[in-house]
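**Q** here's a sequence, model it:
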Amino acid sequence: MQEVIIIITAFLASGLTFFSGFGLGTILLPVFAVFFPVEIAVALTAIVHFLNNVFKFFLVGKSIDKRVLLRFGIPAIAAAFLGAYLLNYLSELKPFFEYQLLGKIFEITAIKVIIAVLLIFFSLFDLLPMLKNLQFNKKYLPIGGLLSGFFGGISGNQGALRSAFLIRVGLTKESFIATGIAIACLIDISRLSVYFENISNHRESLNWNLVILATISAFVGAYLGNKILKKITISFLQKFVAIALIIFSVFLGMGIL
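**A** From the prediction side, this is the model:
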């Protein structure tokens with residue numbers, strides 16, 4: 001039964017998150033964590049996430065904006081390491097509020113609230129008519145990369161901040177998705193280099209058959225998402241990303257994610 005649930009989740013999450021540029025790991029990790037210890041769930045999710053991004057790269061890689069990739073991606077990766085280092089300090093800070101829901105305890109931390117507010121701010125640019133046509137000049141790409149990588153390194157949510165910024169720099173829908181995927185691949189490589197020791201230590205406990213099944217399912221979801229991409233407009237994509245950011249921000253700010 002667990003295989004069926006994970007396979008369906010991987011398929012749906014991969015298809016839906018193909019457009020937003022973030023969310024596969026956020027959706028898949030809790031499902032893995034239901035059936036496996038957290039350290040195993042993190043490793044399984046990281047592997048599936050990386051392989052799925054590589055597959056998507058081959059699907060849409062030709063549309064990458066190399067200038068954006070370099071000016072945004074390199075600062076993002078560098079800042080992600082800094083954010084991850086700072087996380088060691090922030091993890092020692094106590095949550096400022098806790099509450100219980102459905103038998104589980106959720107913690108609200110300052111960093112999650114800050115990121116949630118930042119994401120909601122970005123999402124309003126795609127929903128409010130007075131801000132809808134506003135674009136970020138590409139000269140600010142390094143700043144966007146630094147913010148995305150830094151806060152992503154702290155929270156693990158680089159994808160949401162990356163999409164929030166890239167959707168506003170005038171890219172085509174194909175370039176937005178392809179460039180975001182390329183940056184995600186680079187960040188996944190840096191993450192896996194950190195996780196490698198943990199994965200190696202638990203290699204005997206990892207369910208490799210499940211990894212293969214979940215990865216193939218995610219491939220199918222991404223493939224179908226790429227087919228649908230040809231039928232949607234950049235306006236629809238902007239609204240989809242904005243709504244996904246708001247939903248994500250609410251759950252993040254509430255301490256659920």
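
**Q** in a helix, Ala100, correct?
**A** Quick fix: residue 100 is Gln, not Ala. No. Counting by DSSP: H, G, I helix; E, B strand; the rest coil, Gln100 falls outside a helix, being strand.

**Q** can you name the residues that contact it?
**A** Gln100 sits next to Phe106 when contact means Cβ atoms under 8 Å, 6 or more residues apart in numbering. C-beta here means a position set from N, CA and C on the backbone, and glycine is covered the same way.

**Q** bridging residues for it?
**A** Judged by DSSP bridges, the bridge partners of Gln100 are Ile105.

**Q** against Val34, how distant is it?
**A** Distance from Gln100 to Val34, counting by Cβ to Cβ, to the nearest Å: 19 Å.

**Q** over to Asn201?
**A** From Asn201 to Val34 the distance is 22 Å (Cβ to Cβ).

**Q** hang on, Phe97 packs against Ile108?
**A** Yes. Using Cβ atoms under 8 Å, Phe97 is in contact with Ile108, at 4.4 Å.

**Q** these two: which has the busier surroundings?
**A** The neighbour count for Phe97 versus Ile108, taken as other Cβ atoms under 10 Å, is higher for Ile108 (17 against 11).

**Q** hang on, that one packs against Lys94?
**A** No. If you go by Cβ under 8 Å, Ile108 and Lys94 don't touch, sitting 10.9 Å apart.

**Q** quick one, helices of the chain?
**A** All helices of the chain, identified by DSSP state H, fall at 2-20, 24-35, 38-60, 66-90, 110-124, 129-132, 141-155, 158-166, 173-201, 208-229, 234-253.

**Q** how many neighbouring residues does Gly103 have?
**A** Neighbours around Gly103, by other Cβ under 10 Å: 5.

**Q** cool, and the one 4 residues further on?
**A** For Glu107, the number of neighbouring residues by other Cβ under 10 Å comes to 14.

**Q** distance check, it against Phe57.
**A** 35 Å.

**Q** what does Leu101 give?
**A** From Leu101 to Phe57 the distance is 38 Å (Cβ to Cβ).

**Q** ok, the two, which is more surrounded?
**A** Comparing Leu101 with Phe57 by other Cβ under 10 Å, the one with more neighbours is Phe57, at 15 against 10.

**Q** for that one, what are its contacts?
**A** Counted by Cβ under 8 Å, 6+ apart, Phe57 has contacts Ala178, Ile181, Ala182, Cys185.

**Q** can you list the low-confidence ranges for the stretch 101-250 of the chain?
**A** Scanning the stretch 101-250 of the chain with the threshold set as pLDDT under 70 gives 122, 125-126, 129-136, 152-158, 194-195, 197-199, 202, 234.

**Q** try 90 this time
**A** Low-confidence segments of the stretch 101-250 of the chain, defined by pLDDT under 90: 101-141, 143-174, 176-177, 180-181, 183-214, 225-250.

**Q** overlap in contacts of Phe97 and Ile108?
**A** Gly255.

**Q** Thr17 contacts Leu28, correct?
**A** No. Using Cβ under 8 Å, Thr17 is not in contact with Leu28, being 9.6 Å away.

**Q** ok, how many other residues are close to the closest residue to Phe18 other than its chain neighbours?
**A** Leaving aside its sequence neighbours, Phe18 sits nearest to Gly225 (Cβ to Cβ, 6 or more residues apart in numbering; 3.1 Å). The local packing of Gly225 (other Cβ under 10 Å) involves 19 other residues.

**Q** Gly225 reaches Gly23, doesn't it?
**A** No. Counting by Cβ under 8 Å, Gly225 does not reach Gly23; the two are 12.0 Å apart.
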